[in-house]
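**Student:** quick one: sequence plus predicted model below, questions after.
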Amino acid sequence: MKKYILLLLMTVLVLSACTSQSSALTGEWKLIAYGPLESMNTSAGDTNASLTFAEDGTVSGNGGCNSLGGEYTVDGKTITFGELTSTLMACDDARMNQESIVMQVLNGTAEFEIEDQTLAISNQGMVLVFSQVPVE
């Protein structure tokens, strides 16, 4: 009986840790920097590059030129994106380069960290840094 209770307690603790990471991710995040960690770029010009994570496991946003959307799951500090769909507009080179890196980082499984009002997502040698958009 003690083993059963201990196993149940450990399961609850693991699930609550996953839930707290997932709930901390929920909301809108504005892209402020991107690229390889050693040479980050600020978000391109006057773009509306952002991601919105919903509690139902969906993500939507804009890479700087095109709208995107899909699904995500969180496991600890790992986030896995399902296949993302995107509109197919063309923009200037700076926006298209930024969007290319955004889509690269949001492809498959990535690591993420939230500190204060900042979210960093890293994958394939690239990092996206976001600032949380306050809820009005």
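**Tutor:** Right, received. Where do you want to start?
**Student:** quick check: what element follows the helix or strand harbouring Ile32 along the chain?
**Tutor:** Ile32 is part of strand 27-35 when elements are defined by DSSP states H and E. Of the helices and strands lying after strand 27-35 in sequence (DSSP H and E), the nearest is strand 41-42.
**Student:** which helices and strands sit right next to that next one?
**Tutor:** Contacts of strand 41-42 with other secondary structure elements, assessed using 3 or more C-beta pairs under 8 Å, 6 or more residues apart in numbering; DSSP states H and E, are made with strand 27-35. In short, each C-beta sits where N, CA and C put it, glycine included.
**Student:** per-residue pLDDT, the spatially most central residue of the chain?
**Tutor:** To find the centre residue of the chain, average its C-alpha atoms and take the closest one (C-alpha atoms, centre = their mean): that gives Ile121, at 5.6 Å. What the model reports for Ile121 is a pLDDT of 98.
**Student:** what about the nearest residue to Leu51 once chain neighbours are set aside, which helix or strand?
**Tutor:** Leaving out its chain neighbours, the residue that sits closest to Leu51 by C-beta to C-beta, 6 or more residues apart in numbering is Gly61, at 3.9 Å. Under the criterion DSSP H and E, the helix or strand holding Gly61 is strand 58-62.
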